[in-house]
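Undergrad: structure of the sequence below:
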Amino acid sequence: MERFLPVLSMIQIRLREILTRNEGYMSSWDLMKIRGVGEDLIRLAHEAYPQLSLVEHKILFQSLREAGLGIRFRAIKIQDGMLKEEDKIYFRSVHEALEEICEKIETGEYYRALLDIAEKKKHKPSK
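TA: Down below sits the predicted model:
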């Protein structure tokens, strides 16, 4: 599981940078920049994928990728229309979910949970 620490650290650093930028973009609701956040998340997911795959933990890749795709799609859709309150709620909720993941990585809680899961798998009787 120690192999997981470098990729987790890289994700945490990059995700924190993305979230910090996104906070500013959401204060002015700059949709082009918010769309860029979606693209940054997709890029981060794809850059981390090979290492996440090696440690058999693709769920973090999926979470980052889906968040990025959702943000990008919503921002593109809104560019042709008007930003509504429901759109703001969507962007905030995705941001908060990613913030939660980032905080759990920063505190070590995410890694400890992975260790717990690995330990349970090790002791699970095979069928």
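Undergrad: going forward, measure contacts between C-alpha atoms and count neighbours the same way
TA: OK.
Undergrad: same question for the helix or strand harbouring E100, mean pLDDT?
TA: Element membership for E100, per DSSP states H and E: helix 85-107. What helix 85-107 shows for mean pLDDT is 97.
Undergrad: by contact count, what packs against it?
TA: In terms of contacts (3 or more CA pairs under 8 Å, 6 or more residues apart in numbering; DSSP states H and E), helix 85-107 is packed against helix 4-28, helix 59-79, helix 109-123.
Undergrad: dump it to PDB, restricted to CA.
TA: What follows is helix 85-107, C-alpha atoms only, in PDB (Å, rounded to 0.1, in the frame of the first residue of the first chain):
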ATOM      1  CA  GLU A  85     -29.500  29.200  -9.100                       C
ATOM      2  CA  GLU A  86     -29.700  25.400  -9.600                       C
ATOM      3  CA  ASP A  87     -26.500  25.600 -11.700                       C
ATOM      4  CA  LYS A  88     -24.800  27.400  -8.800                       C
ATOM      5  CA  ILE A  89     -26.000  24.700  -6.400                       C
ATOM      6  CA  TYR A  90     -24.600  22.000  -8.700                       C
ATOM      7  CA  PHE A  91     -21.200  23.700  -9.000                       C
ATOM      8  CA  ARG A  92     -21.000  24.200  -5.200                       C
ATOM      9  CA  SER A  93     -22.100  20.700  -4.400                       C
ATOM     10  CA  VAL A  94     -19.400  19.200  -6.700                       C
ATOM     11  CA  HIS A  95     -16.800  21.500  -5.200                       C
ATOM     12  CA  GLU A  96     -17.900  20.500  -1.700                       C
ATOM     13  CA  ALA A  97     -17.600  16.800  -2.500                       C
ATOM     14  CA  LEU A  98     -14.100  17.300  -4.000                       C
ATOM     15  CA  GLU A  99     -13.200  19.400  -1.000                       C
ATOM     16  CA  GLU A 100     -14.200  16.500   1.300                       C
ATOM     17  CA  ILE A 101     -12.100  14.100  -0.600                       C
ATOM     18  CA  CYS A 102      -9.100  16.400  -0.600                       C
ATOM     19  CA  GLU A 103      -9.400  17.000   3.200                       C
ATOM     20  CA  LYS A 104      -9.600  13.300   3.800                       C
ATOM     21  CA  ILE A 105      -6.400  12.800   1.800                       C
ATOM     22  CA  GLU A 106      -4.700  15.700   3.700                       C
ATOM     23  CA  THR A 107      -5.500  14.300   7.100                       C
END
